[in-house]
Every structure is written in structure tokens, then in C-alpha cells.
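Colleague: no FASTA, just this:
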């Protein structure tokens, strides 16, 4: 008899946090006028916390997909691509239809489809990563964590160069094979499997310190408009923010801090957000377009609008996941 696979709670927590973080990046217009430096810094800090969402999503993908024994290349591509392409097709039709109804022109609709600029950029990035996963998977199966360290060391050099707008150093010297978003899945796999020579509690605290220090530096650069960060997700503070968050939550789970949360209403809500996260990534775009019409432009009412956005963005794919013909395209 086939038993139900036990869920790993810190994966669910990280995925739920990541989708909320993504939504954080897109709700700024609900704030009222920002008149004081404190209000501006608070808004930027809130917004920059949201930037952690994309790295976390990619790191979880690496933790789940790498060093696996896939029956065949075709089987991997068929199963994995189906899970991301069908929901994309459904939601992009909904999004484009809504934009057309709101009288956006054809150029804007096309740019939305190709992700320039639009949340759909993540879908196209994910496609590229999934195409490369079997190659990286074979490499990690053979070389393990040492292979990860080799790749990540070079990848981090490219991140440093990108951060300071110094990439490439020489016209004929390129590290593009190690660059861009593919490093995050490998980093996620590495942090998920690496054993550290410190107690779980100390690693948990260290992860939190890394997270806060990296976030503080990112907010500082953002507030002072210091032009050190050319790539919003591919820079040194962002790598440490993602790493710190991943380590903090993983070891918070290991020291059983979530023990009393997992089976209560909060735990169930976290799991549900996690399951619906991919659908929410798309649905929140339509929700925000709808709520824009009722924008109070009040900092005082911002928490209400933010909570409403999360709830409605979750509700749509959740309801769809309960309908047989819509389950496959719900993103849940």
C-alpha cells in the first residue's frame, strides 16, 4: 500500500513566506503619502523584505529537484514542465483578458506576456532553469557537495562582479556559464544538505544575523540610492538575504520551534499558502488590478488592503484546486 509522503514543514513555511514576499513587492501603491524619513525607510524596508521571495522560491526548487534519480530525461521534462506550463497558460489568458478589458494597448499586453516588465519574467526564467536542471543534477550526483562548492564559488564571483557593475572584467573572459539565476537552486540544495560544525541553535541564530545584516545593507543602498546594485536579485546582499532566511527557517524547524504550530490553524494556513503559491504568483496580479479601483491611498488602511490581497490571491487558486477540470491549471 502506497503511503502518503510526509511534508517537510520548513519547505512549506519558506514557500508561504516567499509568495507573501512577492506580493509585498507589488502593493506599494496602497501606502499613503510618505512625508518623513522614517516613513520612507519603513516603506523601503518593507518592500526590500519582499525581494527575498524569488531567491527563496528558486532555492526550494533546487532542494527538491537536485540529486534525484529521474527515470529519463523525457520523464523529467514532461512532468515538471506540465506543472508550470498549464497554470501559466490559464492565468496569462485571464491576466491579458483583464488588461484588454481595462483598455491596455497591444504593446503592453505583449510585454506582459514576455515579462518585460511583468511578473511573467519569472515563468520564462523558470523554464530556462528547468531545462538546465538535468545537466546540473548529473553533475551533483557525481560530485556531491564538493561539486556544489566549486560551482557556487565561481557563481559568487559573478555575483560580486554584477553587484559592483564590473562584469565582465575583460572582453574575452566570461563566466556566463556560472552566472545568473541557476546559482540559487544549487545554493538551496547545498544549504539543505550541508552539515555544519555548530549546534542547530547557533546555526539558527547565525542565519538570522546574516538575514538582518544583509537586509540592512540592502535597505541602506536603496534609501541612499547608492548605485552598487545593478541586478535586483543578483547581488551580494540578496544572496546573503536568501541564504540567511533559508538557514534561519530550516534550523528553527530543527530545534522544534514549529512543533506547536504545525497541526493548528496557523500551520494548516501555512501549508495551504504553500500549496497554492504558484497559482497565487499569477492570481495576485489580477487581484491587484481589481483592488486598484478601490485604493484608499492610506498608510493606516494599508494592512487591510495587504491582507485582502493575500486572501483573494489565495482564494482563487484554492477554489479552482477543488474543481476537477480546473485543478491542473490552478497552480495549486
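Modeller: That came through, no problem. Given the structure is predicted, the values throughout are model-derived calculations rather than measurements.
Colleague: pLDDT below threshold where in the stretch 51-200 of the chain?
Modeller: Applying pLDDT under 70 to the stretch 51-200 of the chain picks out residues 167-171.
Colleague: give me that answer again for 90
Modeller: 51-52, 65-86, 94-95, 98-125, 127-128, 130-135, 138, 141-142, 157-180, 194-200 (pLDDT under 90).
Colleague: quick one, helices of the stretch 201-332 of the chain?
Modeller: 236-254, 265-275, 277-291, 302-321, 327-330 (DSSP state H, counting those that start in this stretch).
Colleague: what is the third one packed up against?
Modeller: Going back to what we said before, that points to helix 277-291. Judged by 3 or more CB pairs under 8 Å, 6 or more residues apart in numbering; DSSP states H and E, helix 277-291 is in contact with helix 9-24, helix 73-101, helix 302-321. In this view, the C-beta of every residue, glycine as well, is placed from N, C-alpha and C.
Colleague: roughly how far is that helix from the heart of the chain?
Modeller: The chain centre lies 15 Å from the centre of helix 277-291; the measure is CA atoms, centre = their mean, to the nearest Å.
Colleague: show residues contacting stretch 35-44.
Modeller: The set of residues external to stretch 35-44 that reach it, using CB atoms under 8 Å, 6 or more residues apart in numbering, is 28, 31, 34, 219, 222-223, 299.
Colleague: of those residues, select the buried ones using a ChimeraX command.
Modeller: To isolate the buried members of the contacts of stretch 35-44 in ChimeraX, using 16 or more other CB atoms under 10 Å:
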select :31,219,222,299
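Colleague: longest helix of this protein, counting residues only.
Modeller: Ranked by residue count, the top helix of the chain under DSSP state H comes out as helix 121-163.
Colleague: next, the angle from that one to helix 277-291.
Modeller: Counting by axes from the mean of the first three to the mean of the last three CA atoms, to 10 degrees, helix 121-163 lies at 100 degrees to helix 277-291.
Colleague: what helices or strands is whatever helix or strand comes next after helix 121-163 leaning on?
Modeller: Counting by DSSP states H and E, the next helix or strand C-terminal to helix 121-163 is helix 183-193. For helix 183-193, the elements it packs on are helix 53-65, helix 121-163, helix 236-254, judged by 3+ CB pairs under 8 Å, 6+ apart.
Colleague: how does it look with 10 Å?
Modeller: With contacts taken as 3 or more CB pairs under 10 Å, 6 or more residues apart in numbering; DSSP states H and E, helix 183-193 sits against helix 9-24, helix 53-65, helix 121-163, helix 236-254.
Colleague: need those helices in CSV with mean neighbour count, can you?
Modeller: Shown next, in CSV, are the helices and strands packed on helix 183-193 (neighbours: other CB atoms under 10 Å):
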stretch, mean neighbour count
helix 9-24, 22
helix 53-65, 23
helix 121-163, 16
helix 236-254, 22
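Colleague: nothing else from me, thank you.
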